[in-house]
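J.: Generate a structure from the sequence data that follows.
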Amino acid sequence: MSDEELVKKFLAGEESAFNQLVRRYQQKIYWHARRLTGNHLDADDILQEVLLVMYKKLKDYKFESSLYTWIYKITYTRSLNLIKSNKLKRFFSIGSEETPDIKGAEDLVRDLENREKLQILDKVLKQLPVKQREVFVMRHFDELSYEEIAEITGKSVGGLKANYFHALNKVVSLMEKEYGKQETDFGVLRQ
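T.: Model (predicted):
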């Protein structure tokens, strides 16, 4: 069922349609907020805020852009507001707080290596200016087009491309310092 159909059903009083939208987008909202804020608790709070805003404001949604873009714009705005208000004082950690299931030795080693890479990438992302970090996260992790990012942020495509280029160069340079040249492919770190 399309987003538009679910929104219309929800507006007609069918609560289960909203639950389907939540299931469809909650992980994406969480990870977008997590990568921008760098903190599980803040991302979880933002997720709850975004879902509440969706619940209250879907009646005003005009279908002028995709629902996905509308949701990301809300998430982006909430995340930036949190960053700008300097509420981020906790240690930046993107690793899962849950205990992993017992796996074979190879899987465990691979998980530890990926977790270590995630921690290094998190540290690197914290070193980027906010403008570069946000476009890098949206482009690299969320795989949004420059046009979608421009719609969310209200910035020009050219400016976004420049910010992404600078962010990518900084990330690669900083990752090379931590790992060496052979380990700068962080595609394995996508969630």
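
J.: And for Val137, nearest residue in space, chain neighbours not counted?
T.: Leaving aside its chain neighbours, Val137 sits nearest to Arg35 (4.3 Å; criterion: CB to CB, 6 or more residues apart in numbering). (Each C-beta comes from the backbone N, C-alpha and C, glycine too.)

J.: how close does the one you found sit to Ala162?
T.: 20 Å (CB to CB, to the nearest Å).

J.: in the strand or helix carrying the residue nearest to Val137, what counts as buried?
T.: Under the criterion of DSSP states H and E, Arg35 resides in helix 15-37. Buried residues in helix 15-37, counted by 16 or more other CB atoms under 10 Å: 17-18, 20-21, 25, 28-37.

J.: picking up where we left off before, ok, so what distance separates the residue nearest to Val137 from Val7?
T.: According to CB to CB, Arg35 and Val7 sit 26 Å apart.

J.: what does His140 give?
T.: 29 Å.

J.: in what helix or strand does the closest residue to Ile120 other than its chain neighbours lie?
T.: The shortest distance from Ile120 to any non-neighbouring residue, by CB to CB, 6+ apart, is to Glu178 (4.8 Å). If you go by DSSP H and E, Glu178 is part of helix 157-179.

J.: Name the residues that touch that helix?
T.: The contact list for helix 157-179 (CB atoms under 8 Å, 6 or more residues apart in numbering) reads 117, 120-121, 123-125, 127-128, 131-133, 135-136, 139-140, 146-147, 149-150, 153, 183-184, 186.

J.: What's the PyMOL syntax to select whichever of the residues you listed are buried?
T.: In PyMOL syntax, the buried subset of the contacts of helix 157-179 is picked out as below (16+ other CB under 10 Å):
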select buried, resi 117+120+121+124+125+128+131+132+133+135+136+139+140+146+149+150+153+186
